[in-house]
Every structure is written in C-alpha cells, then in structure tokens.
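Novice: what's the 3D shape of this:
(one chain, ligands or ions: 1)
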Amino acid sequence: MELTGANSSRVGRIRSRIGVLGGTFDPVHNGHLAIASAVFNVLELTRVLFVPAARPWIKASSSAPDVSHIKHRVAMVELAIEGREGFELSRVDADRCGLSYSVDTISDLRAEYGYAVELLLILGADALEELPRWREPERLVRMCTLVCVGRPGGVLPEDLHSDHPGYGAQFVSGPMLPVSATDIRRRVAEGLSVDGLVPSAVAAYLEQHGLYGRDSQEER
Ligand code: ATP
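Specialist: Residues are numbered from 1 along each chain as shown. Prediction:
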C-alpha cells in the first residue's frame with residue numbers, strides 16, 4: 001500500500017524526514033544547494049538526498065542538448081555537498097538502467113527506507129508546474145510529500161488549478177536565486193566566470209575536465 005505524505009505523517013511512527021532533490025545537475029549549482037538548505041532548515045529534515053538522473057527523460061528528446069556523462073555529474077554533486085551536514089548523494093537513479101523518472105526514484109527509495117520514513121520530494125516551482133507531463137504523477141504524489149521551492153519566474157502551488165497534481169504542495173519560499181545550469185554551461189562556453197554560481201570545488205572540476213568548453217573533447 002502506498003501511504004500519502006499527509007497520511008504517513010498521521011500514523012505517528014515516522015522516525016525521519018528525508019528530502020529528495022532529483023535533477024540533471026549538469027552542473028550542480030548554488031541554486032540547488034540553497035533550496036536544499038532552505039527546505040532542510042525550514043522543515044527540519046533529517047537529511048537531503050541529491051539524486052542525479054542517469055538519463056533524465058525530460059532531456060531525452062533528440063532536440064534536447066546532450067547531457068554530460070553521469071560520472072561527471074555524480075562527481076560534482078559529491079564535491080558540492082562535501083562537509084555539508086545532512087546532505088547526501090543517492091545513486092538510486094545513477095545505477096538504474098533506462099530513462100530516469102521520479103516515480104521510480106521515490107518507489108525505489110520507499111523500498112530502501114520503508115514506511116517509517118517520510119519522503120519529501122523537493123521541486124523548484126518550474127518543475128512543479130511541469131508535473132502533469134511526468135510519468136504517473138498521481139502515483140508519484142501518493143508516495144511522497146511534495147515540497148515546492150520558489151524560483152524566479154515560477155508559479156506558487158496555490159495558483160495551480162485544483163486538479164493539477166502539484167496543487168496543495170507545501171511551499172518554502174527559499175532564497176529565489178536566479179541561477180540555472182543552462183546559464184552556467186553558456187557562461188563556461190563563452191569563457192565567462194562562474195564564481196558565486198557554483199561551489200569553488202565544482203568550478204575547479206569543470207576546468208580540470210574541460211566540461212562545457214567550446215572545444216571540449218570530454219565524454220558528455
Ligand atoms: P537546466 O538549466 O539545465 O534545465 P536547472 O538549473 O533547472 O538545469 P536541474 O538539475 O534541472 O537544474 O534542477 C533540479 C531541481 O532543482 C528542479 O526541481 C529545479 O526546479 C530545481 N532548481 C534548480 N535551480 C533552481 C533555482 N535557482 N531555484 C529554485 N529551484 C531550482
């Protein structure tokens with residue numbers, strides 16, 4: 001049986017609250033760290049799992065830009081969260097074959113952690129709006145608690161139509177950083193600085209591996 005986030009809170013045997021931040025993380029950036037911190041602190045979570053998608057379904061179409069190899073995206077998440085208490089890497093999507101869907105992420109994490117844990121799926125407001133296009137959104141929202149964090153240009157959950165699967169999501173306003181991985185890749189390709197947009201260890205990794213550079217020969 002799948003307990004909803006609300007129902008699972010009510011049964012009174014929840015031992016920990018785990019935030020799940022899935023993404024392409026190409027690269028992980030300060031916007032990701034800021035929303036994870038905001039939810040971790042405001043909702044008093046036990047930990048936040050960063051879950052890089054091996055093959056994000058949303059970026060699998062032939063017109064979407066290539067995504068960097070999962071080994072780089074995992075390595076950058078490890079560097080970004082190193083020494084930050086409560087932040088952990090999960091390889092649950094990295095190690096699964098096929099396209100990565102959040103419904104499989106949450107289902108696998110539920111099997112791993114059991115029902116004594118509340119799983120809170122953290123989404124930027126742009127991602128929340130897209131939820132109806134995802135695989136099995138209704139099943140997904142039954143298996144976890146949805147938490148939306150504000151993003152410049154994004155919607156508020158209360159402004160969604162009442163039959164939208166993200167309607168009624170918990171909302172954490174967050175720091176509203178105008179940072180995106182798309183902009184970071186563009187800046188690197190144009191030879192611009194990414195100081196303040198990614199942790200310094202991630203900036204060093206990008207440089208060391210020649211990621212996103214115009215003439216990059218790296219495996220992407
Ligand atoms: P891209 O520009 O390549 O689409 P992105 O910056 O949106 O990437 P993702 O890895 O796709 O990064 O995002 C993972 C999750 O983090 C999504 O839920 C997204 O909405 C959220 N997110 C990313 N950046 C921010 C931000 N600056 N503020 C709030 N949420 C964010």
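
Novice: Look up phi and psi at residue 47.
Specialist: Main-chain dihedrals, residue 47, degrees, to the nearest 10: phi -160, psi 170.

Novice: ok, it touching residue 88?
Specialist: Yes: applying Cβ atoms under 8 Å as the test, residue 47 and residue 88 come out as touching, 5.6 Å apart. Placement of C-beta: from N, CA and C, glycine included.

Novice: where does this protein come near the ligand, residue by residue?
Specialist: The chain comes close to the ligand at residues 23-26, 31-32, 35, 123-124, 126-127, 149, 151, 177, 179-182, as judged by Cβ under 6 Å from any ligand atom.

Novice: try 5 Å
Specialist: Contact residues, the chain versus the ligand (Cβ under 5 Å from any ligand atom): 23-25, 31, 35, 123-124, 126-127, 151, 177, 179-182.

Novice: Quick check: mean pLDDT of stretch 206-220?
Specialist: The pLDDT scores in stretch 206-220 average 79.

Novice: ugh, wrong one, stretch 31-45
Specialist: 98.

Novice: now stretch 174-183
Specialist: On average, stretch 174-183 scores 96.

Novice: For that stretch, C-alpha coordinates in CSV please.
Specialist: Output of stretch 174-183 as CSV, limited to C-alpha atoms (Å, rounded to 0.1, in the frame of the first residue of the first chain):
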residue,chain,number,x,y,z
GLY,A,174,13.6,29.9,-0.5
PRO,A,175,16.3,32.4,-1.5
MET,A,176,15.0,32.9,-5.1
LEU,A,177,18.4,32.7,-6.7
PRO,A,178,18.4,33.4,-10.4
VAL,A,179,20.8,30.6,-11.2
SER,A,180,20.4,27.8,-13.7
ALA,A,181,22.6,25.1,-15.1
THR,A,182,21.8,26.3,-18.6
ASP,A,183,23.3,29.7,-17.9
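
Novice: Show me which residues of that stretch are buried.
Specialist: 174, 176, 177, 179, 180, 181 (16 or more other Cβ atoms under 10 Å).

Novice: will you turn these into JSON lines that also has secondary structure?
Specialist: Listed next are the buried residues of stretch 174-183 as JSON lines, based on DSSP: H, G, I helix; E, B strand; the rest coil:
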{"residue": "174", "secondary structure": "coil"}
{"residue": "176", "secondary structure": "coil"}
{"residue": "177", "secondary structure": "coil"}
{"residue": "179", "secondary structure": "coil"}
{"residue": "180", "secondary structure": "coil"}
{"residue": "181", "secondary structure": "helix"}
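
Novice: Okay, and the beta partners of the residue of the chain at minimum distance from the ligand?
Specialist: For the chain, the residue closest to the ligand is residue 124, as judged by Cβ to the nearest ligand atom, at 2.1 Å. Bridge pairing for residue 124 (DSSP bridges) gives the partners residue 149.
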